Every structure is written in structure tokens, then in C-alpha cells.
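Asker: Starting from these lines, generate the structure:
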Amino acid sequence: MDPRKREIEQLDAEITRLEQQIGSECAAIGKHVSGLGLGDVRTPELAKYLHSVHTLKKSEEDFRDDISRIRDTIRKLGELEGAIDDAERRARDLGREREGKFVEIGAGAYTVYKGLPDAERDRFRAFFEEVLKLDLEIARFEADLKQLEEDEKRQGIWQRLTTKGKKIVLRGSINRVERQKMKAYADAGGKVADSEFAERTTGDLRLLFDFAHEKKRAIDALHDDARHVREEMQRHRDTLKKYGIDGEPDGRCDELEKRIADVRRELDVLYGWMGQLFMDKDLRSEMADSQLGAKYEIVNAMRHQIARKRAHIHRLKAELEIEELQKKEKGLRQRRKALEDELRVKERQIAVADLEISTGQRRIEELKRVITGEAPYTEAPALPPPPDFNAPRQ
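Answerer: Numbering: from 1, shown residues only. Below you'll find the model as predicted:
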């Protein structure tokens, strides 16, 4: 490769690097100018750019504020969900503690119930219906068992075997009903614990009722807290809906981040334009600033470097193009000479052909006169030898 072509490539690379540096410096100038504000700006185009920068920066701030509010709301929702989970767990624990006393409460209350006057018993009978029914069933089984035992005393050995089997079945039934009675006590305790029946109790049973009431109040308070928390969570969800979020919030935050990135790119373009405007119109007098003045000198020096390098490239290209044209001209001249030589040969060949044609025409006229008897027949004269067409022209 011609060394001058390599030099041109190197100069092009240096110009590209300088242009990139100028772009960066112009963007830095534009950014610095935007930080100075409108002030005494007199150039309308620069004022328009500054207004656009202010608008874009405001948009970026709004997007960042939206992201901050969304993430803060999401954080609060997470905290509130944790608070609800904790309240519900504590309520379940208290409920299990309370339910653990229902059998004792139901059994104790049933004992008190049986000692109440008839009018009082009728008032609270609904709480103990199942227990009363099971008591009657147990009493019937026990009466049947007692009757079998009385009968057994009078029976023979073979009849006793049958009676013993019946007694085993009855005792199994009694045990089964006793187990059902424990559940009935628990159900009765759960119902009576929240009633006025506590006023009829004393001693340890009253303490059990007080324990159940205390746990109930604590559970209700936890449920109230959870309800208030859910209301607050709904307010936060309504806030998210204002930002277009009705499900997964990360997608909306990603969208806002992309819009911020778009704004940053637009700002970078504007900064570059403002820097170029500052340089092209030399606005140092309009915006007196030592940093801008220094940047102007740096960019101006790089522009002069580019101009010198481009001028040198143009000289090198002119030299190469001249040499190329001269080489082409030499080839064309050689081609022209060859064409001229060919043309001379063709012209001589044409002259010979014309001579033969005219000779032939004169012979025809002579032969016509022979036919009419005007002239005697003679042999045609011999033609002269053909010339050397490649001989140089005299």
C-alpha cells in the first residue's frame, strides 16, 4: 500500500478521536451552561435549549419521585402484611389457649346449671341440650346395665355368659357416649363462656370464665387491629393503582427506569447541541465563566487540529489523484496511438477497394462497347500489386 494512503487512514482515525473528544467537551459545556440557568441569556436558541433541559430534568425528577413512592408503598405493604400475619398468629394462639379451657368450663357450668332453679335452667337450657341428651342416654345404658347385673344373679351358668356379653356392649356404649360428652362439654363451654352465665359462678370456675373473657377481648383486639391494617393496606393499593399498578409493581418501576434512561439520552443530546451552539456563536461574552472559557479554548484548539489534518489529507489525496490521472492519461494516449495506426491501415484498405471498384467499372464500359461492335475485345490489364498496409505513411 502507498505510504500516503496509510497516512490518510491514520489521520482519519485521529480526526475521529478528536471529534469524539469535541463531542464530549461540547456536552460538558452544555451541561455546565444548563447549571448556570437562564440568567442574562440573550440568544433565543440557547434560551430554548435551556427551557427544554429544565422540562426534561423536571420529568426525570417526577419519574424518580414516582419510583420512590411506589417502592416506599411496597415496603409499607410488606410491613403491614407481616403485621397481619403476626396478629393472626397471635389470635390463633390465644384461641387455642381459650378453647383448651372449654371442656372445664362446660363441665363446671353444667354442674352449676343442674343446681339452678327451674326458671334459671330454662333460660340457659339451650347451652346444654347436647349434654342433657347424652346424660339421659348414659342413664339409660346404666339402668340397662344394672338390670343385667340383677338378672345375672338369678341366671344359670349358660345364661350368664350371654348376659356378660351384653354387659360388655353396654359398657362400650357408655364409654363412647362419655367421649361424646367431652366434646359436648367443649361445645357448651364455647357457647356459655361468652354469656351471662359467668355471673352464676364462683371460685375456680369463675376464674376460668374470667380467663376466657380476657382471651376473647385480646383476640377481638387483634382482629380489630388486623381490620385496621387491612384498611390501611387497601389505601396503599389504591395509591399504587394511581400509578397504573394493579398487580406486580416491578414492571412499572422498570418502565419508569427506562423512561428515565430515555430522558437522560435526550439531555445528553441537548447538552451536545448547546455546547456546539456556544462554540459556533462564541457566547463567552454572553456567559462569562472561567470554566466555559477554558473549555472553549480546548475545543477551538482541537478544531484547528482537525482543520490542519483535513487539509493535509486533502493534499495527500490530491497528490494520489494526480498520479492516478497521469497514469490513466498515459494509458489513454497509448490506446489513442494504437487506434490511429489501425485507422491508417483501414484507410489504405478502403483506397485499394475504391481503386478496384473504379477499374472494374471502366472494364464493364469497355466490354459493353465490344458487345455493340464499337470496339474490339482486348485482355484486361493486370492490376498493380497490393501495397504494404503496415508500412509507415510517407
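Asker: Which parts of the stretch 201-350 of the chain are helices?
Answerer: 203-242, 250-280, 290-372 (DSSP state H, counting those that start in this stretch).
Asker: Mind checking those for the one nearest to Leu56?
Answerer: helix 250-280 (5.2 Å; Cβ to Cβ). C-beta here means a position set from N, CA and C on the backbone, and glycine is covered the same way.
Asker: how's this structure carved up into domains?
Answerer: With domains defined by automatic domain parsing, the chain comprises 3-85+243-295, 103-240.
Asker: Can you redo the ones you listed as CSV, where the extra columns are mean neighbour count and mean pLDDT?
Answerer: CSV is the format used below for those (neighbours: other Cβ atoms under 10 Å; pLDDT from 0 to 100):
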stretch, mean neighbour count, mean pLDDT
domain 3-85+243-295, 15, 86
domain 103-240, 15, 86
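Asker: Distance to Ile357 for those domains - can I get that in JSON lines?
Answerer: Below are these laid out as JSON lines (distance: least, Cβ to Cβ, whole Å):
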{"stretch": "domain 3-85+243-295", "distance to Ile357": "59"}
{"stretch": "domain 103-240", "distance to Ile357": "107"}
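Asker: Of those, give the one that comes closest to Gln349.
Answerer: domain 3-85+243-295 (48.1 Å).
Asker: now for the helices of the stretch 201-350 of the chain, which one comes closest to Lys31?
Answerer: Comparing those against Lys31 with Cβ to Cβ, the closest turns out to be helix 250-280 (4.7 Å).
Asker: elements contacting that closest one?
Answerer: Counting contacts by 3 or more Cβ pairs under 8 Å, 6 or more residues apart in numbering; DSSP states H and E, helix 250-280 packs against helix 3-36, helix 44-99, helix 290-372.
Asker: just to revisit the earlier point, can I get the helices of the stretch 201-350 of the chain in CSV with distance to Ala119?
Answerer: Listed next are the helices of the stretch 201-350 of the chain as CSV, based on distance: least, Cβ to Cβ, whole Å:
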stretch, distance to Ala119
helix 203-242, 21
helix 250-280, 67
helix 290-372, 100
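Asker: can you tell which of those helices is closest to Leu132?
Answerer: Comparing those by their distance to Leu132 (Cβ to Cβ), the top pick is helix 203-242, with 19.0 Å.
Asker: Now do the contacts for Ile245.
Answerer: By Cβ atoms under 8 Å, 6 or more residues apart in numbering, the contact set of Ile245 is Ile70, Arg252.
Asker: how far away is it from Arg237?
Answerer: In this view, Ile245 and Arg237 are 9 Å apart by Cβ to Cβ, to the nearest Å.
Asker: related to what we said a few turns ago, could the helices and strands packed on helix 250-280 be laid out in TSV, adding distance to Tyr110?
Answerer: As requested, these are exported to TSV (distance: least, Cβ to Cβ, whole Å):
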stretch	distance to Tyr110
helix 3-36	85
helix 44-99	17
helix 290-372	93
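Asker: Go through the helices of the stretch 201-350 of the chain and name the closest to Leu36.
Answerer: The nearest among these, by Cβ to Cβ, is helix 290-372 at 8.5 Å.
Asker: separation between Arg348 and Asp341?
Answerer: 11 Å.
Asker: These two: which has the busier surroundings?
Answerer: Taking neighbours as other Cβ atoms under 10 Å, Arg348 and Asp341 compare with Arg348 leading, 16 against 13.
Asker: and Glu379, helix, strand or coil?
Answerer: Secondary structure assignment for Glu379 (DSSP: H, G, I helix; E, B strand; the rest coil): coil.
Asker: Near it, how many other residues are there?
Answerer: 5.
Asker: dump the residue contacts of Ile298.
Answerer: Ile298 neighbours (Cβ under 8 Å, 6+ apart): Glu25.
Asker: and if we set it to 10 Å?
Answerer: Contacts for Ile298 were tallied using Cβ atoms under 10 Å, 6 or more residues apart in numbering; they are Gln21, Ile22, Glu25, Ala28, Ile29.
Asker: Using JSON lines, please lay out the residues you listed together with distance to Glu45.
Answerer: Shown next, in JSON lines, are those (distance: Cβ to Cβ, whole Å):
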{"residue": "Gln21", "distance to Glu45": "24"}
{"residue": "Ile22", "distance to Glu45": "19"}
{"residue": "Glu25", "distance to Glu45": "19"}
{"residue": "Ala28", "distance to Glu45": "19"}
{"residue": "Ile29", "distance to Glu45": "15"}
